[in-house]
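>>> Here is a sequence together with a model predicted from it:
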Amino acid sequence: MVTLTLQFLLVLLLPLSLIGMAVYSFGVGRKRPFPHVRWIFTLLAATVWASSLLRYYSGRALNQWIGLSWGGVGHVALFLTTFGVLLTTLRLFDVPRRTGLWISLPGLLFGLAALVLDPAIWWYQLPDLNAAGQFVTHYLLWAFIWVVAWLLPLFAAWLLTQQARTNLDHSLFRNLTSYWFLTILLIGLGAGFAAIQIPMQPIWQEVGVLITVIAAYIGTLTLSRRLLPDLWLTLRQGVVRLIGIVLVFMILWAALWFTSHQAAAPSLLVLTLGAAVLALLVTAVALGGTGLIRHLRGIDQLPKKLNIDYIPDLKQLGQQFLETLQTNLSVHEGWLFTIEDGIAGQLILRPLAARGIDIPSEAIFAADSPFSIRLLHQNSPLMRVDLITMAMTYSLPPEEEDLLNSWQRVLYMPLRSTRALVGVVALGPKYAGQPFSRHDIMLLHWLSDQFAPILAQAQDFVTIQRLNTALYAQNNALTRQVRHYQALAALQERLVGLLSPELKRPFATIYTQLDSLPDPSQITPQIDLLRGEIEQLIHVAGQVEAHTEYQFAPVEPVDVLRSAMHKLESAVAARRITTTWDMPSDLPLVWGDSDQLKAAIGYILHNAVKFNRIGGTVDIKANVAGHALMLQISDSGVGMPPEKVDALRNNFIAASPLAYNQQRGRFRIPFGLTLAYFIISAHDGRLQIESIYGTGTTVSIRLPVYALNRNLV
């Protein structure tokens, strides 16, 4: 009785496992598109069929008529299981309803006939039929029709799946059809064992139900998961693991047999040594099995990391990555594109490297193209089947569709570095024409995640190299210019030093000769004028030379203003000038030469004081405008006529004519504003003059700041 109860509980696990799969399928079907209704119907029918085996272990508690009827229900449930497989197959491959009806009709008719003739359900008995001299009993007739009833739906499902596998291109969906093909074969094998009906010997039916449970598990995973490992790879893994389990079992069984058949009880030392040897054997078998699994799966061939100890040329880097993909994924052709942004958000694929076939020219995809959106916003690979669906569903532009079809790529993998798309890998079919397995996709993700940051760094490195080359060339040009200007400045200094005494020396001889003239007063003013001009030119040359060298550093603008004003205190006091200051206390620093800026401000303040009226005012204002310091120096002097202001705006040097100094009897060159303009321009600044004749003049100076925040200095 205990044995019967234990057998009942063990057999009860089979229908319970099928119910669990049905519940799981219902949960998955609520989350994403999935033929869950038809598959759940199949699982529930298989549950009823599996539960019919419990009648063999119910003992005397079960009435004989109920047990027989329960067996008849199991016959019907087996047919419904196979018919549910056909319905699920029709839904899986989107077979039109009318076509599916014609495919299902023969099996349905035979199923109804088997139900009507089942002797386990109905009590009538048909007379024996004589066919070609052979008597066919009621039971044999029913058995034949029943086998055909569940065999026809399986055969139709097998044909549909085989046709789909043949017509499908290389994709993960073809891998799914392979799993579904295996599910149909296992269900057919289980139904074949169930067809062996021997009274009171349910072992064959139990084997059939067990195989059907395995098939149901594979079918549930096939329909509920999007990514599945390669079928043959999975089978190899299962066989290898089974071999490892069998080896360990045989070693343990041999050790136990040897220990139990000893003539005498073994000593403690023998048991210890035996346990050690057994542990070593089990460890060796485990390691050997693991190594065999790794070898069969190809894990030993996978690189732990990309062996790149430096950043090579971009094309060389791309070739190395494609070679890695070619070795590990068994692909014959591969392309690598880099990504660039085009006009109006266009996606530009620029070819970088190729393996197996020449890479095409660059390709441009529109910003709203489904292909561009898919690559920019998703990390998963884009399969050829996805492109076909994209062209049918999302209106892929015809020119882009023709371009992608001409490439004949099977898979497109986006390469991302910190969520930015840096490249795209386009792979051709595998060597043997097999689809990309789940293991291949996972490996491709891993290699892409490793390579994308390296590609981004290499692109940045190339960009930096190009910028460095351009800056180096520009720096060399500027260096040559500086050296040229330095040579000119040195030449000017030597020229002034050589010409100054030579220009003055003739005047001593001229004045000596004048004394011998009867009336030297007629020519003396002209000679004095010429001498004054030459001395003034020498003075101007010296002043210009003093403003050709700069030492830039952070400068406090308030110190520059007050220092320049301090040198004019005596002139300000003599002319009774009132000075006003309007500036914030936290003016930012400027980048410049303090002495040169003091000289430029000094020239402007000198004019504001010198050309001001007695008792006038000089207003000094400062503020910040953006990233610039604005200085304004205004006076209440005589101002300048409009033509003089216009001339200054156009050309400071050309607007500085000679002015005759009657007190000294020579002409004067007003070069103060010209030098101030020259110094401010050398600081990347601007100088503007606004003047109203008879009212006054305002000089505005704009200088770039060094740092708006003093705490950053």
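Done, it's in.
>>> which other residues reach the helix or strand where residue 337 lies?
Assessed by DSSP states H and E, residue 337 sits inside strand 334-341. Here strand 334-341 makes contact (CB atoms under 8 Å, 6 or more residues apart in numbering) with 314, 318, 321-322, 325-326, 347-356, 359-360, 363, 407, 409, 421-428, 455, 459. Where C-beta positions appear, they are placed from N, C-alpha and C, glycine not excepted.
>>> Toward the C-terminus, what is the element adjacent to it?
Beyond strand 334-341 toward the C-terminal end (DSSP H and E), the next one is strand 347-355.
>>> which residues are in contact with the next helix or strand along the chain from that following strand?
Downstream of strand 347-355, the first helix or strand assigned by DSSP H and E is strand 363-365. Contact partners of strand 363-365, identified using CB under 8 Å, 6+ apart, comprise 337, 342, 346-349, 371-372, 400, 403.
>>> buried subset of these?
Among the contacts of strand 363-365, the ones that count as buried by 16 or more other CB atoms under 10 Å are 337, 347, 349, 371-372, 400, 403.
>>> Those into a markdown table, with extra columns for pLDDT and distance to residue 181?
Shown next, in a markdown table, are the buried ones among the contacts of strand 363-365 (pLDDT from 0 to 100; distance: CB to CB, whole Å):
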| residue | pLDDT | distance to residue 181 |
| --- | --- | --- |
| 337 | 93 | 36 |
| 347 | 90 | 38 |
| 349 | 92 | 37 |
| 371 | 87 | 32 |
| 372 | 87 | 36 |
| 400 | 86 | 34 |
| 403 | 88 | 34 |
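>>> Residue 26: how many residues sit nearby?
Number of residues near residue 26 (other CB atoms under 10 Å) recorded here: 15.
>>> Please determine how far residue 584 is located from residue 124.
Relative to residue 124, residue 584 is positioned 113 Å away (CB to CB, to the nearest Å).
>>> Now the two most distant members of the buried ones among the contacts of strand 363-365.
The distance between the two most remote of the buried ones among the contacts of strand 363-365 (CB to CB) is 14.5 Å, for 337 and 400.
>>> ok, back up a step: how far off strand 347-355 does the strand holding residue 337 point, in degrees?
Strand 334-341 runs at 150 degrees relative to strand 347-355, counting by axes from the mean of the first three to the mean of the last three CA atoms, to 10 degrees.
>>> Direction included, what does strand 334-341 pair against?
strand 347-355 (antiparallel), strand 420-427 (antiparallel) (DSSP bridges).
>>> Stretch 55-74: end-to-end distance?
11 Å (CA to CA, to the nearest Å).
>>> Could you pull out the buried residues of stretch 578-590?
Going by 16+ other CB under 10 Å, stretch 578-590 has these buried residues: 583, 587-590.
>>> The stretch 1-150 of the chain: strands as residue ranges?
129-131, 134-136 (DSSP state E, counting those that start in this stretch).
>>> export the ones you listed to CSV and tack on mean neighbour count, mean pLDDT and distance to residue 568?
Output for the strands of the stretch 1-150 of the chain, formatted as CSV (neighbours: other CB atoms under 10 Å; pLDDT from 0 to 100; distance: least, CB to CB, whole Å):
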stretch, mean neighbour count, mean pLDDT, distance to residue 568
strand 129-131, 10, 71, 136
strand 134-136, 11, 74, 135
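>>> Using a markdown table, lay out those together with distance to residue 451.
Listed next are the strands of the stretch 1-150 of the chain as a markdown table, based on distance: least, CB to CB, whole Å:
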| stretch | distance to residue 451 |
| --- | --- |
| strand 129-131 | 71 |
| strand 134-136 | 70 |
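>>> and the residue nearest to residue 214 when sequence neighbours are not counted, how many neighbours does it have?
Sequence neighbours aside, residue 186 is the residue nearest to residue 214 in space, at 6.1 Å (criterion: CB to CB, 6 or more residues apart in numbering). Close neighbours of residue 186, defined as other CB under 10 Å, add up to 19.
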